[in-house]
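Asker: Sequence plus the predicted model coming up.
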Protein chains: 2
Amino acid sequence: MVERTVRRKGGAVTIHEVAHHAGVSPMTVSRVMNGNANVRDVTRELVMRAVRELNYTPNPAARSLAAAQGTRIALIYTNPSSAYLSELLVGALAGASHAAAQLVLDSWDDKSAAAERAAARNLAKSVAGVILPPPLCESRAICSELQQAKIPVVAIASGRFRADLSCVRIDDFRAAHEMTEHLLEHGHTRIAFIKGHPNQTASARRFEGFQAALQEAGVSVENALVQQGYFSYRSGLEAAEALLGRKRLPTAIFASNDDMAAAAISVAHRRGLDVPRDLSVVGFDDTPIATTVWPELTTIRQPIAAMAESALGLLLRSIRQSSASENRVVADHVVAHTLVKRDSVAPPRKA
Amino acid sequence: MVERTVRRKGGAVTIHEVAHHAGVSPMTVSRVMNGNANVRDVTRELVMRAVRELNYTPNPAARSLAAAQGTRIALIYTNPSSAYLSELLVGALAGASHAAAQLVLDSWDDKSAAAERAAARNLAKSVAGVILPPPLCESRAICSELQQAKIPVVAIASGRFRADLSCVRIDDFRAAHEMTEHLLEHGHTRIAFIKGHPNQTASARRFEGFQAALQEAGVSVENALVQQGYFSYRSGLEAAEALLGRKRLPTAIFASNDDMAAAAISVAHRRGLDVPRDLSVVGFDDTPIATTVWPELTTIRQPIAAMAESALGLLLRSIRQSSASENRVVADHVVAHTLVKRDSVAPPRKA
DNA sequence: CTACAAAATGTTACCGGTCACATCTGCGGT
DNA sequence: ACCGCAGATGTGACCGGTAACATTTTGTAG
């Protein structure tokens, strides 16, 4: 009675069943599934319906085997915060399993430009595409090498938009602008700023957004209230120490990321200042530390997971296209950020 | 001149080339690659050499297609710390790409036991194996459902060893024991302990290790110096507050994880205590917060990434075996932890 | 030394798609 | 009407492995 179920897995619907159901050949179904070959709209609709009814999902193994187009995509990183990394991975993995791509990971710490070139060239041989989170996406060496190998690349959150590189990011300028307005609305005018690491373009964008908002409100930017930081907790400690050691204290501190904001809170506490009554503190990124410290930080949420997923989608589309036509398009996705209001902001003391 | 390179990718070595090189049939090579069919040692060696010389790697797509044995393995989690999650993912992904398995992720937050059962049953239909990190691995509902579906499961860091479930973990008891000895060696005798969340078996193990080390040293455990915590920063704050609000202060605090240890440091600072001069503080897990706070925490490092990778390996082996024979074996891997000495421990003040 | 079971190896078909190419439409030009 | 061309669809072969079965070799008992 068993027909030919010998080597077949569970309920997996195959392309042949769909084809039969739709009354067309498997090849036509394949064409429809892969977007755009020459298929008549009527036929396409027919196939789509069959796909929907049977709940068909192409078998990734068969697909990549037949197409000889391994869908391995690499995600390389250098010592990011673990929070950032985990969100990145969750997002990328979601995208990968959705599209049945295989994700490979690589950590490239402390490489010289030459080493980066070599690694990139090497990588190019084994994967079909690369996702480049910061700060790697700022490396000219890697990008050029990868592009020379004609491998699609999508950068994440590269501050500056480059005409030759697809990118998924938030609008750092506008986000910082909004956050500054938020502080201004509470009545703050003596707002200190802790800058981010100078090797990341996003840092500059955030500072520009801060400056612009202040200028628009007619508030002058006091140079002494701007400190250089490097995104680390330690650097935040030093910057805050400098800021709160002055005679005229600021009423608010805008740190370029959450780690430095948390450090600022810690320094404030040590100096007997209550947050937010005596000092408002805001951060950027909405990493876990934002909700770990007390009071919880008002911050900007970057949807990193969604960005990674989106990057993966872009990459896969780009891979399929490039295998078809020769021209590559660069995309620039700007995704929405969110201003998360929590407990670290209040009106200034003697407003 | 191009022979038949039409549909072939780059340099990918196929099983046929290896077979030809070794002078055997592809099937024999396949048998060798898959471990243990009946192959003569001489032949095996022959094949292995060819594999090495040609640097052959089986094509995962072809393999899973032919075997109709999709190697999708699921990793499900509930709101773990992002640090933990990212290490977990890095490790699992490393293992997956190494073995050419596909990893799928799922977050099961706030599910009732019934919902867990349903989700598990559902999951069982689409994946070949499951990795279960804490605290999910403590759920009877999930485990039983998955086992009923005959899906291999590997738990990570499930404190209690269960005869019916493979597990990769560290020896929490011994780790806590070592840490306690470390404090004793510095001359501490009034050592406070902040317990972990009672729903995790590892918490109990850590406390037991602490108690045992104290007893062996002839130091009595003072009940007032043991506080219940819940692994969160907040709970650590409260526990430390209780501990440091007493008249006779402890000279050291052993927190069951880093978050609570960091909280303890924060409380100490707020009370004007210098760490480690006035108070030593140690944590557990070596999460990023351990190196974020100042002073950096002495703690126990759990090689989570390695554990995840190992879990994946176990799982894949288990999957292949179970498809061959019917009996399933349960394994219990105990991996080595490390005592990481940093700056939060010093001899007690007036020793 | 033969016979025969068990072990080692080879053969064939097939997994589920996609490629190159063959075939079949419909349409306009002359 | 006829031809031709381009777009839409179908036809086999094939991607790189592995399950099942066929075949050969090996070990060994009679």
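Answerer: That came through fine.
Asker: how close does residue A:190 get to DNA strand C?
Answerer: If you measure residue A:190 against DNA strand C using Cβ to the nearest atom of the strand, to the nearest Å, the figure is 61 Å. For every residue, glycine as well, the C-beta is placed using N, CA and C.
Asker: so how far is residue A:40 from that residue?
Answerer: Noted for residue A:190: a distance of 68 Å to residue A:40, by Cβ to Cβ, to the nearest Å.
Asker: repeat for residue A:215
Answerer: When residue A:215 is compared with residue A:40 (using Cβ to Cβ), they lie 58 Å apart.
Asker: As a check, name the ranges of all helices in chain A.
Answerer: Along chain A, the stretches classed as helices by DSSP state H are A:15-22, A:26-33, A:41-54, A:60-67, A:82-99, A:113-124, A:140-148, A:172-185, A:201-216, A:233-244, A:258-270, A:289-292, A:304-324.
Asker: Nearest to chain B within the stretch 51-200 of chain A, name that residue for me.
Answerer: Across the stretch 51-200 of chain A, the shortest distance to chain B (Cβ to the nearest Cβ) belongs to residue A:86, at 3.2 Å.
Asker: how deep is that residue tucked in, by neighbour count?
Answerer: Residues near residue A:86, counting by other Cβ atoms under 10 Å in any protein chain shown, number 25.
Asker: pLDDT wise, what is it at?
Answerer: We note a pLDDT of 82 for residue A:86 in this prediction.
Asker: Over to the one 4 residues further on?
Answerer: pLDDT for residue A:90: 86.
Asker: and what of residue A:7?
Answerer: Per-residue confidence for residue A:7 comes out at a pLDDT of 51.
Asker: and what of residue A:321?
Answerer: According to the prediction, residue A:321 has pLDDT 63.
Asker: Can you report how many residues lie near the residue lying closest to residue A:96 once chain neighbours are set aside?
Answerer: With sequence-adjacent residues excluded and distances taken as Cβ to Cβ, 6 or more residues apart in numbering or on different chains, residue A:96 is closest to residue A:103, at 4.4 Å. By other Cβ under 10 Å, 24 other residues sit near residue A:103.
Asker: just residue A:318 next, same as before
Answerer: Taking other Cβ under 10 Å as the definition, residue A:318 ends up with a neighbour count of 21.
Asker: Could you report the distance from the closest residue to residue A:44 other than its chain neighbours to DNA strand D?
Answerer: Once its chain neighbours are removed from consideration, residue A:44 has its nearest residue in residue A:32; the separation is 5.3 Å (Cβ to Cβ, 6+ apart). According to Cβ to the nearest atom of the strand, residue A:32 stands 8 Å off from DNA strand D.
Asker: Neighbours of residue A:32, how many?
Answerer: Residue A:32 is flanked by 22 other residues according to other Cβ under 10 Å.
Asker: Residue A:190 and residue A:40: who's more crowded?
Answerer: Taking other Cβ under 10 Å, residue A:190 and residue A:40 do not tie; residue A:190 has more neighbours (13 against 9).
Asker: just checking, that one touches residue A:220?
Answerer: No - in this structure residue A:190 lies outside contact range of residue A:220 using Cβ atoms under 8 Å: 10.6 Å.
Asker: Overlap in contacts, those two.
Answerer: Where contact means Cβ atoms under 8 Å, 6 or more residues apart in numbering or on different chains, no residue is in contact with each of residue A:190 and residue A:220.
Asker: what stretches of chain A score poorly on pLDDT?
Answerer: In the predicted model of chain A, residues A:1-11, A:37, A:68-70, A:99-100, A:158-163, A:320-329, A:350-351 satisfy pLDDT under 70.
Asker: Which residue does it have closest to DNA strand D?
Answerer: Proximity of chain A to DNA strand D (Cβ to the nearest atom of the strand) peaks at residue A:38, 2.2 Å away.
Asker: what about that residue, how many neighbours?
Answerer: For residue A:38, the tally of surrounding residues (other Cβ under 10 Å) stands at 5.
Asker: So which of the helices of chain A has the densest surroundings on average?
Answerer: Ranked by mean neighbour count, those are led by helix A:258-270 with a mean of 25 (mean count of other Cβ atoms under 10 Å in any protein chain shown).
Asker: packing partners for that helix?
Answerer: Packed against helix A:258-270 by the contact rule (3 or more Cβ pairs under 8 Å, 6 or more residues apart in numbering or on different chains; DSSP states H and E) you find strand A:191-194, helix A:233-244, strand A:252-255, strand A:280-282, helix A:289-292, helix B:258-270.
Asker: Give me the distance from the last one to the chain's centre.
Answerer: Averaging C-alpha coordinates over helix B:258-270 and over its chain gives two centres that are 25 Å apart (Cα atoms, centre = their mean, to the nearest Å).
Asker: any idea of the angle it forms with helix A:258-270?
Answerer: In this structure, helix B:258-270 runs at an angle of 30 degrees to helix A:258-270, with axes from the mean of the first three to the mean of the last three Cα atoms, to 10 degrees as the basis.
Asker: Just the C-alpha atoms of helix B:258-270, please, in CSV.
Answerer: These are the backbone C-alpha positions of helix B:258-270, laid out as CSV (Å, rounded to 0.1, in the frame of the first residue of the first chain):
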residue,chain,number,x,y,z
ASP,B,258,27.7,39.1,37.7
ASP,B,259,24.7,41.3,37.6
MET,B,260,24.1,40.9,41.3
ALA,B,261,27.8,41.4,42.0
ALA,B,262,27.8,44.6,40.0
ALA,B,263,24.8,45.8,42.0
ALA,B,264,26.7,44.9,45.2
ILE,B,265,29.6,47.1,44.1
SER,B,266,27.3,49.9,43.3
VAL,B,267,25.7,49.7,46.8
ALA,B,268,29.1,49.6,48.4
HIS,B,269,30.2,52.7,46.5
ARG,B,270,27.1,54.5,47.5
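Asker: what sits up against that helix?
Answerer: With contact meaning Cβ under 8 Å, 6+ apart, helix B:258-270 is reached by A:266, A:269-270, A:292, B:81, B:194, B:229, B:231-237, B:239-241, B:243-244, B:253, B:255, B:274-275, B:278-279, B:281-287, B:289-290, B:292-293, B:295, B:297, B:299, B:344.
Asker: And for the second one?
Answerer: With Cβ under 8 Å, 6+ apart as the contact definition, helix A:233-244 has outside contacts at A:192, A:194, A:225, A:227-229, A:249-250, A:253, A:255, A:259-264, A:266-268, A:271, A:273, A:279, B:292-294.
Asker: Now do it against helix A:258-270, angle only.
Answerer: Between the axes of helix A:233-244 and helix A:258-270, defined by the same axes, to 10 degrees, the angle is 50 degrees.
Asker: Using PDB, write out the CA atom coordinates for helix A:233-244.
Answerer: Coordinates of the C-alpha atoms in helix A:233-244 are reproduced here as PDB (Å, rounded to 0.1, in the frame of the first residue of the first chain):
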ATOM      1  CA  TYR A 233      31.900  52.700  30.100                       C
ATOM      2  CA  ARG A 234      35.400  53.800  31.200                       C
ATOM      3  CA  SER A 235      35.500  56.700  28.800                       C
ATOM      4  CA  GLY A 236      32.000  57.800  30.000                       C
ATOM      5  CA  LEU A 237      33.300  57.700  33.500                       C
ATOM      6  CA  GLU A 238      36.100  60.100  32.700                       C
ATOM      7  CA  ALA A 239      33.900  62.400  30.600                       C
ATOM      8  CA  ALA A 240      31.200  62.600  33.300                       C
ATOM      9  CA  GLU A 241      33.800  63.200  35.900                       C
ATOM     10  CA  ALA A 242      35.100  66.200  33.900                       C
ATOM     11  CA  LEU A 243      31.600  67.500  33.400                       C
ATOM     12  CA  LEU A 244      30.400  67.200  37.000                       C
END
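Asker: Double-check the residue nearest to residue A:44 against residue A:39; I have them as touching.
Answerer: Yes - the pair residue A:32 and residue A:39 qualifies as a contact (Cβ under 8 Å) at a distance of 5.8 Å.
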